[in-house]
Structure formats: structure tokens, C-alpha cells
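> attaching a predicted model along with its sequence, questions to come.
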Amino acid sequence: MNRSLTKTIYLFALFNLCCFSAKGQNTTDATQSGSMPFPKGEKIESANFTGSAWLHMLVSSDTTFNTSIGNVTFEKGARTNWHYHPGGQLLLVTSGKGRYGEKGKTVRELKKGDVIKCTPNTIHWHGAAPDSELSHIAIGTNLSKGAVVWMEPVSDEEYKMK
């Protein structure tokens, strides 16, 4: 076999070995993370949550985009306190099941693919269902209008689907 052909076969074999090895590794990583599109992030240490939740910031607030974007993951039954955003908030559910409540309205069940539009100053809460984790992308909009205003915890009675 000539030297050029041997070199080509060697490079082809090395290329395939690297590709198949990387492909297997990505599959394992996706399986271990539950096929979540973004990292779970750091555990949130705050009195504004009932139960455990994690945050991975994707875009931090800046003057160019006037928004913040984070991936938030709630353990089963975890939820935010009542709160509102002076500039509004968008929630894009990426996995699991959850709940969303607004003052004076029936609690809404959330599932993957749901989009919630929290208009400015709407008092609300969101979190996981009792039997499922929930992950969503939280987009803080019009941040120049002010930071989130946190209120009291959501009671177990308020959390229940009515």
C-alpha cells in the first residue's frame, strides 16, 4: 500500500474515532442532565422561594438590550413568592410541569412549550407542580422601569389548583 493511501486511511479512522467518541459523550451528557437545553445553574439561596430552585443566567441586564434572561429550574413543589415586575416578564416553559398564579385568578397548569406573558405590575407567582420539576426561561423586560418587587410567600392553599 502506498504511503499516501495509508496516511489517508489513518486520518479517516482518526476522524471517525473522534466523531463517534464525541457523539457518545454528548448523548451521555444529555441523558445525565435530563435532556435540558441549558445548565441547571446555581442553587438560589433566597427567602423569596419555597423549596429549592436553581438559576443559570443566559443574558445579564445591560443598557443595550434592557433585558435579563435566565434558565430557572424548580424542584417538585417549589415556587416563587408573590411578586411583580414593573417592566413585565416572559416565561418560556422548557421542561416538566408547573403552575402559574395571578392575584384574583385561577391557578394555571404549565407544560413544556407554554409561554406566559406577565404584563407590567401584574402580581403573580410560578413554580413546579407537586409531582414534577419545572424549568423555564425567565425574561425580564423593560428593566429600566425597575427591579422585581417581592411580596409574601404563596400559601399551600393558594398553590393548589382550584
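Cool, got the structure.
> need the longest strand for the protein.
Using DSSP state E to define each element, the chain has its longest strand at strand 89-102.
> elements contacting the next helix or strand after it?
Using DSSP states H and E, the helix or strand that follows strand 89-102 in sequence is strand 108-111. Using 3 or more C-beta pairs under 8 Å, 6 or more residues apart in numbering; DSSP states H and E, the elements in contact with strand 108-111 are strand 89-102. For the C-beta atoms, the positions are set from N, CA and C on the backbone; glycine is no exception.
> average model confidence for the strand it packs on?
Throughout strand 89-102, pLDDT has a mean value of 98.
> domain map for this protein?
1-32, 42-159 (automatic domain parsing).
> deepest in the core, which of the ones you listed is it.
Of all the domains of the chain, domain 42-159 has the most neighbours on average by mean count of other C-beta atoms under 10 Å, namely a mean of 17.
> before we move on, back to that, mind giving me the packing neighbours of the longest strand of the chain?
The helices and strands touching strand 89-102, judged by 3+ C-beta pairs under 8 Å, 6+ apart, are strand 67-74, strand 108-111, strand 115-118, strand 124-128, strand 134-141, helix 156-159.
> the fifth one pairs with which strands?
I take that to be strand 134-141. Paired neighbours of strand 134-141 in the sheet (DSSP bridges): strand 67-74 (antiparallel), strand 89-102 (antiparallel).
> could you give the angle of the longest strand of the chain to strand 124-128?
90 degrees (axes from the mean of the first three to the mean of the last three C-alpha atoms, to 10 degrees).
> shaky segments in the chain?
Applying pLDDT under 70 to the chain flags the ranges 1-36, 162.
> cutoff 50 now
3-33 (pLDDT under 50).
> for R99, see how far away the residue nearest to S144 when sequence neighbours are not counted is.
Nearest residue to S144 in three dimensions, chain neighbours excluded: N66, at 5.6 Å (C-beta to C-beta, 6 or more residues apart in numbering). Here the distance between N66 and R99 works out to 29 Å (C-beta to C-beta, to the nearest Å).
> before we move on, what about N81?
Distance, N81 to R99, using C-beta to C-beta: 14 Å.
> thanks a lot, catch you later.
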